[in-house]
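Engineer: just to be clear, the model below is a prediction. Sequence and coordinates:
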2 protein chains.
Amino acid sequence: MVLHIIGLGLHDEKDITVRGLEIVRQCSRVYLENYTSILMVDSSKLEEFYGVSVTVADREMESDKMLEGADKTDVAFLVVGDPFGATTHNDFQLRARELGIPVNVIHNASIMNAVGACGLQLYRFGEAISIVFFIDTWKPDSWYSKMLENRRRGLHTLCLLDIQVKEPSWESLARGTKDYQPPRFMSVRTAIEQLLEVEESRQEGAVSSDLVCVGLARVGCPDQRIVAGTLAELLDVEFGPPLHSLCIPGTVHSVEEEMLNMYKLQTG
Amino acid sequence: MVLHIIGLGLHDEKDITVRGLEIVRQCSRVYLENYTSILMVDSSKLEEFYGVSVTVADREMESDKMLEGADKTDVAFLVVGDPFGATTHNDFQLRARELGIPVNVIHNASIMNAVGACGLQLYRFGEAISIVFFIDTWKPDSWYSKMLENRRRGLHTLCLLDIQVKEPSWESLARGTKDYQPPRFMSVRTAIEQLLEVEESRQEGAVSSDLVCVGLARVGCPDQRIVAGTLAELLDVEFGPPLHSLCIPGTVHSVEEEMLNMYKLQTG
C-alpha cells in the first residue's frame, strides 16, 4: 500500500528512529540500499535487531522489481543517512509515484547536517563538493572553482569523498565485461593530496598547505574522529576506517574558532 | 558522568533514535531546549513516552545550573532537530568541556538536510539565510545579498524563517522590564511579503513574483505540506501551523524539475 523510504542515520542498527523501527517491523519486504553510502555494521545486524529479513539492493537491482506488489503491501527501502542524500533516491521515489504508490519518508541525520559536529556553523557553509578518485587519465577538478568561490565569500566547504561500491573496473569495461573492483573509500589523506595537486596546477589560491582545515571520520559513530589542523598536518593523521570527510573553512567566527581549538592536534 | 546532547528530529516523541531513547531513559536529569525550535507535541508527551521527567529549558536558564552534578551523573539535553542546528548549543557544549564533563552527541534530522524532501538536491544549495520579522523601525535585509549571490551561481537558497519564543517585547525593554510576547512563527506568506518588499526597494533581481519557489510547512510531520509555485501563487496558499520554510531555487536540473512538478499547485 505504501513505499516507506527510511533513513538509518550514520552508524548502526540503533540509529533508526523509533517511528522508523515501528514501520520497518510491519513491512512485508525490506530492502537496504548500499551503493551510495555504507553503515558500519553488516546487514545481518539489522535483520536481527529489526526482526525482519533484509535484501541488499545494489546499483543494478531494478526499481520496478523492488516496487513489485507495493500497491498491495508495505515495502521499506532503507537508506544510510537521510533519504534525500542521493539523486538516485529521488528517481526511485518518482518511479513509485508514477506507479501510483504512495511514498512515506522517515528522515534521519546525514553527513550534510551532522558535519556541524566539527563546530563550523551549518548556515555558513556554501555549496558542498564531491571529490572523486583521480586516475592517470582522468582528474576531474570542477570542484576547485566551487571551493574557491566559497572561500572568496568566507563560506565553509564540505568535501564529500568518493565511495566506490560494486563499480566495474575500467579494464573490464574496456573488455566489454564487468569485473567488480573491491569497495574503495577515499581517505582524508587522499583528498588532501588531490586538493594540493590541483592547487599546484591551477594556483588560484583556494587552499594552501598551511590552511587550517578539519578532517572527519565516522561522524556520529562512537569512535568518530575529528581533527583540526593545517592540510600539511592532516596529511599525517591516521583517521582509521571509512567514511571520511573534509571541511575547508571560510571565515571563522569566535565560537567556531573555540570549537575548532577543541579539535586541534595536540603538539609539543 | 556524561552530558548527552540528543537530537529529537522534526515531529514528535517517536522521532528520537533508538540509541537516543535508550540513553534518555538512563539519565537522571533531562532538559528540553525549546527556544530555537519547537516540536509538534507538548513536553508531557515526551515524558510519557520516554518515562522520565523533562524540564523545559528556556533561553534564560543558566547552562551551569543544567550542568550541575553532570560530573557525577548522566544529564540529557534534548534538542529539536539536530544538536548542531543553533550556535547556542555549541556554547553549551564548550561550557561542559571547560568543566571537564564529557559530551556525547546523538544526531538526528534537521531542516538543514530534511529540506531535500522538496526535490532540490542538498549539494546544490548555497549559503542558507535567516529571515527575521520586520518591524517599522528595523528591517534587516543582509540576507538579500546572500540570496542574490546564490542565484547568480545557480545555487538554491534555504530561507529559515523567524521563530520568536519567549522574547521580551520592545516596549517592555524600553521600560526596563521584561514582558514576554506570545510565541510567533513566520509564515511562508510573511516571508514572501518581506522578500518582495526588499526586492522592490533594492531592485537587483534576486527574486521576482513570477519565480517558481517552494514553500514547506512541518517537514517530516505526517501533515507536512510542500507546494511549488510562483511567489505570487504561494502568497495565497494556506500552509497551516508552523514551522514554515521557503526555498528559492537556483538552476534546476531535470530530476529536480520532475520532483518540483510533483509539488506544483494543481490549477486549471
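Structural biologist: Yep, it's here. Residues are numbered from 1 along each chain as shown, chains lettered A, B, ... in the order given.
Engineer: what's the residue positioned nearest the centre of chain A sitting at in phi/psi?
Structural biologist: The centre of chain A sits closest to residue A:37, judged by Cα atoms, centre = their mean, with a distance of 5.5 Å. The phi and psi values for residue A:37, taken as degrees, to the nearest 10, are phi -160, psi 180.
Engineer: okay, now residue A:65: neighbour count?
Structural biologist: The number of residues packed near residue A:65 is 9, by other Cβ atoms under 10 Å in any protein chain shown. Any C-beta I mention is one placed from the backbone N, CA and C, and that applies to glycine too.
Engineer: tell me which residues of the helix or strand hosting it come out buried.
Structural biologist: Assigned by DSSP states H and E, residue A:65 belongs to helix A:63-67. Going by neighbour count (16 or more other Cβ atoms under 10 Å in any protein chain shown), the buried part of helix A:63-67 is A:63, A:66-67.
Engineer: next secondary structure after the longest helix seen in chain A?
Structural biologist: Criterion DSSP state H: the longest helix present in chain A is helix A:188-202. Next along the chain after helix A:188-202, taking DSSP H and E as the criterion, comes strand A:212-217.
Engineer: give the buried residues for the worst-scoring helix or strand of chain A on mean pLDDT.
Structural biologist: Lowest on mean pLDDT, DSSP states H and E among the helices and strands of chain A sits helix A:170-175, with a mean of 73. Buried residues in helix A:170-175, counted by 16+ other Cβ under 10 Å: none are found.
Engineer: show the subsequent helix or strand relative to that helix.
Structural biologist: Following helix A:170-175 in sequence order, the next helix or strand is strand A:184-185 (DSSP H and E).
Engineer: partner strands of that next one, with direction?
Structural biologist: Note on strand A:184-185: by DSSP bridges, its sheet partners are strand A:163-164 (antiparallel).
Engineer: just how off-centre is the strand it pairs with within its chain?
Structural biologist: Between the centre of strand A:163-164 and the centre of its chain there are 10 Å (Cα atoms, centre = their mean, to the nearest Å).
Engineer: what's the answer for stretch A:208-216, then?
Structural biologist: With Cα atoms, centre = their mean as the basis, stretch A:208-216 stands 20 Å off its chain's centre.
Engineer: returning to that earlier point: report all helices and strands that the helix holding residue A:65 contacts.
Structural biologist: Other elements packing on helix A:63-67 under the criterion 3 or more Cβ pairs under 8 Å, 6 or more residues apart in numbering or on different chains; DSSP states H and E are strand A:75-79, helix A:87-98.
Engineer: tell me the mean pLDDT for it?
Structural biologist: Rounded to a whole number, the mean pLDDT of helix A:63-67 is 83.
Engineer: so residue A:39 touches residue A:80, yeah?
Structural biologist: Yes. Using Cβ atoms under 8 Å, residue A:39 makes contact with residue A:80 at a distance of 5.3 Å.
Engineer: now the stretch 151-268 of chain A against chain B: closest residue?
Structural biologist: For the stretch 151-268 of chain A, the residue closest to chain B is residue A:220, as judged by Cβ to the nearest Cβ, at 4.9 Å.
Engineer: wait, that residue sits on residue A:14?
Structural biologist: No. Assessed by Cβ under 8 Å, residue A:220 is found out of contact with residue A:14, at 11.4 Å.
Engineer: settle it for me: which of the two has more neighbours?
Structural biologist: Under the criterion of other Cβ under 10 Å, the comparison of residue A:220 against residue A:14 puts residue A:220 first, with 25 against 18.
Engineer: can you pull the contacts of the residue nearest to that one when sequence neighbours are not counted?
Structural biologist: Leaving aside its chain neighbours, residue A:220 sits nearest to residue A:10 (3.1 Å; criterion: Cβ to Cβ, 6 or more residues apart in numbering or on different chains). Residues in contact with residue A:10, defined by Cβ atoms under 8 Å, 6 or more residues apart in numbering or on different chains, are A:80-81, A:109-111, A:114, A:219-221, B:107.
Engineer: since that was my last question, I'll sign off now.
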